[in-house]
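Q: Sequence plus predicted model, see below.
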Amino acid sequence: MSSPEDTQNQKTTSRSERTAPDSFLTIEGQRRFLDTFLPIRNQVIHDFYHSPGNGLPTGQDRRQNLRAAIRLLGGGADETVPDIYRLYYNRLFSAIWLALNWGPYTEEIRQLTDPQLRVYHSQLNSVDTCWQPAVEDAPDDGLLVEIGTGLSDGWARIALLKPHINIVSITIESDQAEIARSIADRLDVADRVQIRVGDIYDPDTTSDLAGRADAVTAMGVLPHLPDARKAEGLSAMASMLKPEAPLLIFDGYRVRPFRHYMTRALASNRSPYPSSEEFTTALNDAGLSLTRFDTYTAESCLQIAADTRTTPQLRREVGPVIAWLFTRVVRQFMKDLLKPQESVHLSAVRQRQQ
Ligand SMILES: C[S@@+](CC[C@H](N)C(=O)[O-])C[C@H]1O[C@@H](n2cnc3c(N)ncnc32)[C@H](O)[C@@H]1O
């Protein structure tokens, strides 16, 4: 298998000339998606996490959000991955980002004047880039499986791009699933998008999908898999693929050690980022071979730190002072997270032929 370094190249996105819809991998198409998706997604999350009433956060909501912000920044608690999403990530990050991943910035995205739009486009562009082989090559009415529903931008983007495609999106955290199902209803795609709660390590989560998927994607998921079980997780994902269908991973690996406090914070947030060697070993151990590997320099990703800012939505959630402080700390955190990851990668891997 080729190593990441052997096949390293700098990816610039370009619109597909082949079967992809017109709005795929274009700023205009992404903007149209954001205009449709964001108001629905934000309303659904707001309704989900707030007590009924006048629609504004109650004192109890605010206290909960404040506790969430403090815990997230302080670290140290013994929570599971689903706890972390349910208690903190879903509600707080949905107020500042489109998604829970970060995305590389292209030249075109850098030229957008609104920093909030730059964040959204970089994240959405990473969705398009990750799913590109599936969007271009899967049959129109094929089956795509997403591991990691997150805040619903991935499956929603693809379901709207491909009006006959079927998607199963899997998450380990049940709030995400409930939110996603509401969004699917409002986007009128619930008949072909199934949201499933399950752990990728539990065979029951995926057994009915064995050998059926035209592609499987996982964005931002690998760091949550324990180091010693990353290969096992990759194998479980690949087991759903039809022969020759691609497993599409979009994630980061570290090329330098993290600072001590970051190592602790990442451990406490259950995110052990693999080194590039560990990542390559996990792919090999899972019997997967790379067909494509694109790397992005830290510089092309770091702008997300600069563009992370207080939004009116976050201010409403936690009040102006905490919102201001929170985003400053998150910006610093993102810088410290991204710098030791000289690259964020996209890799498309296939099951090795027997
Ligand atoms: C950082 S979020 C990424 C979400 C989305 N793909 C994105 O890029 O914004 C990680 C996702 O992985 C899911 N996840 C983590 N560990 C998992 C596991 N063992 N089984 C299934 N899903 C898992 C979480 O529920 C969450 O949806």
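A: Received the coordinates, thanks.
Q: give me the number of residues near Arg270?
A: 17 (other C-beta atoms under 10 Å). No exception for glycine: its C-beta is placed from N, CA and C like everyone else's.
Q: So for it, what's the pLDDT?
A: Per-residue pLDDT puts Arg270 at 86.
Q: That one contacts Ile84, doesn't it?
A: Yes. Counting by C-beta atoms under 8 Å, Ile84 is a contact partner of Arg270 at 6.2 Å.
Q: who in the chain is up against the ligand?
A: 81, 85, 99-101, 147-150, 154, 170-173, 176, 199-201, 219-221, 224 (C-beta under 6 Å from any ligand atom).
Q: In strands only, show me those.
A: In this view, the residues of the chain next to the ligand that belong to strands under DSSP state E are 147, 170-171, 219.
Q: Now flag whichever of those is closest to Phe48.
A: Thr171 (14.2 Å; C-beta to C-beta).
Q: does that closest one have beta-bridge partners, and which?
A: Val197 (DSSP bridges).
Q: Next up, the contacts around it.
A: Thr171 makes contact with 148-150, 177, 180, 195-198 under the criterion C-beta atoms under 8 Å, 6 or more residues apart in numbering.
Q: Just send the residues you listed back as TSV, with pLDDT and neighbour count too.
A: TSV is the format used below for those (pLDDT from 0 to 100; neighbours: other C-beta atoms under 10 Å):
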residue	pLDDT	neighbour count
Gly148	98	23
Thr149	98	26
Gly150	97	27
Ala177	98	19
Ala180	98	27
Ile195	98	24
Arg196	98	17
Val197	98	17
Gly198	98	15
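Q: Which pair in the residues you listed has the greatest spatial separation?
A: Gly150 and Gly198 (15.0 Å).
Q: Spatially, what comes nearest to the residue of the chain found nearest the ligand if we skip its sequence neighbours?
A: Of all residues in the chain, the one sitting closest to the ligand is Gly150 (2.4 Å; C-beta to the nearest ligand atom). Nearest-residue entry for Gly150: Leu100, 4.7 Å, with adjacent residues in sequence omitted and distances by C-beta to C-beta, 6 or more residues apart in numbering.
Q: Which among the ones in strands among the residues of the chain next to the ligand count as buried?
A: 147, 170-171, 219 (16 or more other C-beta atoms under 10 Å).
Q: which of these lies closest to Leu241?
A: Closest approach to Leu241 among these (C-beta to C-beta): Ile147, at 12.1 Å.
Q: So which residues of the chain form strands?
A: Going by DSSP E, the chain shows strands at 143-147, 166-171, 193-197, 215-219, 247-253, 288-297, 343-351.
Q: what's the distance between the second one and the middle of its chain?
A: Between the centre of strand 166-171 and the centre of its chain there are 13 Å (C-alpha atoms, centre = their mean, to the nearest Å).
Q: relative to strand 215-219, how tilted is it?
A: 30 degrees (axes from the mean of the first three to the mean of the last three C-alpha atoms, to 10 degrees).
Q: where in the stretch 151-300 of the chain is pLDDT low?
A: Within the stretch 151-300 of the chain, no range satisfies pLDDT under 70.
Q: That one: helices as residue ranges?
A: 153-161, 174-186, 203-206, 230-238, 260-268, 276-285, 298-307 (DSSP state H, counting those that start in this stretch).
Q: Next: the stretch 1-150 of the chain.
A: Under DSSP H, counting those that start in this stretch, the stretch 1-150 of the chain gives helices at 27-49, 59-74, 81-84, 90-93, 107-110, 115-137.
Q: Would you single out the least confident of those?
A: Minimum mean pLDDT among those: helix 59-74, a mean of 67.
Q: For the residue nearest to Gly150, give me phi and psi.
A: Dihedral pair for Leu100: phi -100, psi -10, per degrees, to the nearest 10.
Q: for it, what are its contacts?
A: 89, 93, 150-151, 220.
Q: Gly148 versus that one, what's the distance?
A: Per C-beta to C-beta, to the nearest Å, Leu100 is found 8 Å from Gly148.
Q: can you list residues touching both of those two?
A: Taking C-beta under 8 Å, 6+ apart as the criterion, Leu100 and Gly148 both touch Gly220.
Q: circling back to that earlier point, test my guess that the residue of the chain closest to the ligand contacts Gly220.
A: Yes. Counting by C-beta under 8 Å, Gly150 does reach Gly220; the two are 6.7 Å apart.
Q: what about Val255, how many residues close to it?
A: 17.
Q: and what of Pro133?
A: With other C-beta under 10 Å as criterion, Pro133 counts 19.
Q: related to what we said a few turns ago, redo the helices of the stretch 1-150 of the chain as a markdown table? Include distance to Cys301.
A: A markdown table is the format used below for the helices of the stretch 1-150 of the chain (distance: least, C-beta to C-beta, whole Å):
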| stretch | distance to Cys301 |
| --- | --- |
| helix 27-49 | 18 |
| helix 59-74 | 20 |
| helix 81-84 | 22 |
| helix 90-93 | 16 |
| helix 107-110 | 12 |
| helix 115-137 | 8 |
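Q: between the ones you listed, which gets nearest to Ala20?
A: Comparing those by C-beta to C-beta, helix 115-137 comes nearest, at 5.2 Å.
Q: That closest one packs against which elements?
A: helix 27-49, helix 107-110, helix 153-161, strand 215-219, strand 247-253, helix 298-307, strand 343-351 (3 or more C-beta pairs under 8 Å, 6 or more residues apart in numbering; DSSP states H and E).
Q: which one of the ones you listed has the most crowded surroundings?
A: strand 215-219 (a mean of 26; mean count of other C-beta atoms under 10 Å).
Q: Now do that one against helix 115-137, angle only.
A: Using the same axes, to 10 degrees: strand 215-219 against helix 115-137 is 160 degrees.
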